[in-house]
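Participant: I would like the atomic coordinates for the input below:
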Amino acid sequence: MVERLSRREVLERAARGVGRIGEYGERGITMVTMQEIEAMALMLAALGIVPIAPDQSKAPARLFEPNGCASAEFYLAVA
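Facilitator: Next up is the predicted model:
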């Protein structure tokens, strides 16, 4: 079952990952959990970064959506 988090919990989880990297530098990157990475990616999408699929050879012309990515907003609205 998928764990549903509130917006606050997602933001806190992402902030903890960023904090580890900020505190420990390159070593901190290896200390970030999968959940923190997921939360950071979700926050980037919610803030407007357009995801590029691994099999997509060319990046889209627009890499930023000012109103955020629809899939991230759906997740955050449900949580």
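
Participant: Would you mind listing the buried residues in stretch 45-57?
Facilitator: Within stretch 45-57, the residues scored as buried using 16 or more other Cβ atoms under 10 Å are 45, 46, 49. Just so you know, the C-beta spots here come from the backbone N, C-alpha and C atoms, and that holds for glycine as well.

Participant: right, I mislabeled it, should have said stretch 18-34
Facilitator: Those would be 20, 21, 32, for stretch 18-34 by 16+ other Cβ under 10 Å.

Participant: Could you pull up the residues touching the second one?
Facilitator: By Cβ atoms under 8 Å, 6 or more residues apart in numbering, the contact list for residue 21 reads 28, 29, 32.

Participant: again, only this time at 10 Å
Facilitator: For residue 21, the contact set (Cβ atoms under 10 Å, 6 or more residues apart in numbering) comprises 27, 28, 29, 30, 31, 32, 36, 40.

Participant: Report pLDDT for it.
Facilitator: Listed pLDDT for residue 21 reads 97.

Participant: one step back: okay, and which of the buried residues of stretch 18-34 map to helices?
Facilitator: Within the buried residues of stretch 18-34, residues falling in helices by DSSP state H are 20, 21.

Participant: Looking at the buried residues of stretch 18-34, which is nearest residue 3?
Facilitator: residue 32 (17.6 Å; Cβ to Cβ).

Participant: Relative to residue 29, how far out is residue 18?
Facilitator: 11 Å (Cβ to Cβ, to the nearest Å).

Participant: Poorly predicted segments of this protein, please.
Facilitator: Across the chain, the ranges flagged by pLDDT under 70 are 1-2, 69-79.

Participant: Nearest the middle, which residue of it would you pick?
Facilitator: With distances taken as Cα atoms, centre = their mean, residue 41 lies nearest the centre of the chain, 1.7 Å away.

Participant: List the residues that contact that residue.
Facilitator: 14, 17, 49, 51, 72.

Participant: In three-state terms, label it for me.
Facilitator: Recorded secondary structure, residue 41: helix (DSSP: H, G, I helix; E, B strand; the rest coil).
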